[in-house]
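Chemist: All I have is the shape, not the residue letters:
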């Protein structure tokens with residue numbers, strides 16, 4: 001790899017014999033042997049010369065290396081010396097620079113100290129002069145000049161905080177504090193003189209002195225400002241406490257408007273007389289209104305506790321409405337900045353709703369609840385701005401909202417009773433096949449009323465009253481489900497309206513009637529649709545209640561039990577429809593089991609009992625499908641439940657057909673295939689629009705009816721030899737039950753002695769069950785595919801044609 005060569009002598013796998021043979025491939029080539037030997041010897045001499053030259057060249061290498069190393073060490077020593085010289089010179093230069101700049105640094109420090117001294121002396125001069133002027137102006141009540149001067153003195157005094165150890169500075173600081181205390185007491189005294197606690201306001205109105213005094217109070221201790229505000233507001237509302245004492249007629253809830261009218265007049269009067277006296281940032285108008293609200297809430301709470309028995313629903317709602325209107329007025333007029341110092345906290349506003357249960361709260365009394373299919377397609381309602389004054393007065397009504405809750409309980413009870421009476425008077429809804437099953441109008445009326453109550457209660461309180469209202473909602477949702485929905489479902493009777501099976505069997509084809517009339521079927525579908533509407537709307541109601549109630553109470557809102565109740569109504573309605581159609585088919589199946597199948601001589605068209613079953617299916621299913629057009633999933637449930645009920649019953653009646661001849665079995669097989677086709681087409685039977693049946697339903701029909709076909713095929717098979725018959729049974733049915741095998745033998749009409757030997761053989765030929773599995777082989781068999789079934793039916797049709 002290092003010295004690539006094409007010479008064969010340099011190869012790692014050199015073979016001398018092959019090399020020689022390559023040089024002398026024939027005998028004639030040996031004539032040149034001397035020339036070849038000479039060439040090789042010449043090459044050997046050249047290699048020897050090269051080796052000798054290389055060896056001699058390496059003789060002086062060690063000496064040359066040592067010499068080069070010594071020269072490198074000398075160069076390094078010289079370089080180290082030069083670096084040391086440079087470092088020494090740099091240190092000398094640095095020392096020289098320090099000596100040059102030492103005087104400059106001293107001058108800089110002197111300048112800085114001198115500047116600081118001059119500034120401090122100026123501040124001291126200003127502080128001393130300011131303190132003297134402050135004391136003089138305070139005595140002369142020159143508050144306008146004091147406001148500006150005091151702020152400056154306080155700012156200058158802050159520069160001397162680190163010099164408080166000096167007696168003179170400490171003395172000036174104490175004089176400033178004394179002046180501030182004197183100003184505070186003096187201003188309070190001036191306000192007390194201008195606005196005495198007992199008496200009326202001074203007729204001369206506010207003065208410039210008091211206005212300037214307020215500016216001074218801004219600089220003083222905040223307690224002085226709070227004291228001024230407190231005394232002024234107390235004096236301003238003293239008339240209110242007298243006019244609306246508990247024993248006065250105007251103090252009761254029916255005249256609550258007068259309270260709010262009085263404060264509005266007072267606020268206007270304040271703006272005119274005292275609006276310029278107090279600084280704007282004090283928000284005195286808002287503070288007066290907030291204190292009025294606190295006082296009003298306390299007074300109303302006290303009077304309502306005293307006269308609780310006199311509170312009526314209309315009176316309570318009137319007072320709450322006027323109060324919430326006043327709170328809305330305050331929210332428009334003021335920002336609520338003073339509430340941070342009060343006792344009322346800003347209410348927590350629930351997140352914006354994405355639920356269509358309430359389209360618009362302002363129109364909640366008249367709008368009807370509409371269940372939307374997609375909430376994402378609707379534009380979101382803009383978030384309502386917060387009201388910081390919400391509940392500042394109306395909180396006092398919350399302990400008495402039980403009156404409202406009891407009233408709603410009574411109203412809802414009367415509403416349910418009216419629904420019951422209206423249903424009895426008007427009767428069930430008229431059949432309307434074209435538009436599908438109609439939802440009962442009382443359902444929408446109930447939820448509209450719920451909507452109104454919920455919005456109204458949420459405006460009154462979002463606490464415990466909402467939980468109490470939810471309990472009322474739950475109570476009447478259950479009553480509606482049982483009294484209006486379940487209570488009006490048609491009843492089934494054991495006597496079937498006086499008709500007996502015998503009489504039904506004697507009726508001509510097409511004359512049989514279903515147990516329920518057309519009106520009753522439409523009523524059941526209408527109740528089912530109504531229950532589904534209630535189920536969906538109750539879920540939306542629960543979500544909306546959780547949005548309205550306080551976050552701490554959300555877990556107590558749970559309408560799952562009521563939704564389960566409506567689910568039970570839906571299940572019962574479907575079961576009634578299934579039972580009705582199932583009972584209509586019973587006489588035909590009974591007729592099938594009583595036919596003399598051993599006497600059938602030829603295979604013809606489908607039997608009359610099949611025609612009767614198909615007739616009942618075509619009578620009932622289109623009505624049910626059209627009335628459940630808006631609830632397709634429940635129509636699918638109806639089809640599945642009917643198939644699960646009818647097919648096992650058909651197989652049981654099939655076992656009762658005994659004995660059966662070969663021709664009779666072929667006729668039954670043809671009938672079974674006809675029923676299977678009808679059942680597969682059941683979801684769209686009699687419909688102009690053909691839809692593919694749901695896969696879950698098709699699977700049930702194919703599996704069940706295939707088992708019936710396999711039973712008949714086993715019956716058609718010869719029972720000789722017995723081993724082949726038993727194996728054929730196990731292969732076709734896969735049912736390891738001796739009872740089923742016994743029924744097959746009965747259908748074939750075998751004697752008891754033959755059956756006994758067959759049963760013994762069957763027990764011997766049973767396959768061993770898999771470990772951990774059960775002995776229900778027939779249930780574990782997979783249903784044949786539709787292609788396999790189609791192939792089997794074609795073979796059967798060919799067989800029937802040959803027979804004919």
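Modeler: Looks like it arrived, so ask away. As the structure is a prediction and not an experimental result, all values here were calculated from the model. Residues are numbered from 1 along each chain as shown.
Chemist: list the contacts for residue 244?
Modeler: For residue 244, the contacting residues are 250-251, 258-259, 262, 299, by Cβ atoms under 8 Å, 6 or more residues apart in numbering. (C-beta placed from N, C-alpha, C; glycine too.)
Chemist: which among those residues end up buried?
Modeler: 251, 259, 262, 299 (16 or more other Cβ atoms under 10 Å).
Chemist: Could you count how many residues lie near residue 188?
Modeler: If you count neighbours by other Cβ atoms under 10 Å, residue 188 ends up with 16.
Chemist: if we can go back for a sec, of all the buried ones among the contacts of residue 244, which two lie farthest apart?
Modeler: Farthest pair in the buried ones among the contacts of residue 244 (Cβ to Cβ) is 262 and 299. Separation: 12.6 Å.
Chemist: still on that earlier bit, nearest to residue 78, of the contacts of residue 244?
Modeler: Minimum distance to residue 78 across those is 105.3 Å, recorded for residue 299 (Cβ to Cβ).
Chemist: Tell me how far that closest one lies from residue 259.
Modeler: Look at residue 299 and residue 259: by Cβ to Cβ, to the nearest Å, they are 9 Å apart.
Chemist: go on, residue 543?
Modeler: Distance, residue 543 to residue 259, using Cβ to Cβ: 38 Å.
Chemist: again with residue 20
Modeler: Distance of residue 20 to residue 259, given as Cβ to Cβ: 135 Å.
Chemist: Give the helix, strand or coil label for residue 245.
Modeler: Three-state call for residue 245 (DSSP: H, G, I helix; E, B strand; the rest coil): coil.
Chemist: for it, what are its contacts?
Modeler: Listed by Cβ under 8 Å, 6+ apart, the contact partners of residue 245 are residue 251.
Chemist: Over to it: give its phi and psi.
Modeler: Residue 245 adopts backbone torsions of phi -70, psi 160, taken as degrees, to the nearest 10.
Chemist: same thing with residue 25?
Modeler: Dihedral angles for residue 25 - degrees, to the nearest 10 - are phi -70, psi -30.
Chemist: Measure how buried it is and give me the count.
Modeler: A total of 9 residues lie near residue 25 under the criterion other Cβ under 10 Å.
Chemist: just the one 10 residues further on next, same as before
Modeler: Neighbour count for residue 35, taken as other Cβ under 10 Å: 8.
Chemist: do the same with residue 440
Modeler: Count around residue 440 with other Cβ under 10 Å applied: 25.
Chemist: can you tell me how far it sits from residue 524?
Modeler: Using Cβ to Cβ, one obtains 12 Å as the distance from residue 440 to residue 524.
Chemist: Residue 634 now?
Modeler: Remark: distance between residue 634 and residue 524 (Cβ to Cβ) = 11 Å.
Chemist: ok, those two, which is more surrounded?
Modeler: Each of residue 634 and residue 524 has its neighbours counted (other Cβ under 10 Å); residue 524 has more, 25 against 22.
Chemist: Please tell me I have it right and the more buried one contacts residue 518.
Modeler: No: the criterion here is Cβ atoms under 8 Å, and residue 524 misses it with residue 518 at 11.0 Å.
Chemist: what's the closest of the contacts of residue 244 to residue 573?
Modeler: For these, the nearest to residue 573 is residue 259 (55.9 Å; Cβ to Cβ).
Chemist: how far away is the closest one from residue 272?
Modeler: According to Cβ to Cβ, residue 259 and residue 272 sit 21 Å apart.
Chemist: Kindly report the same for residue 176.
Modeler: Taking Cβ to Cβ, one finds residue 176 at 38 Å from residue 272.
Chemist: Compare the two (neighbour count), which wins?
Modeler: Set residue 176 next to residue 272 and count neighbours by other Cβ under 10 Å: residue 176 wins out with 19 against 10.
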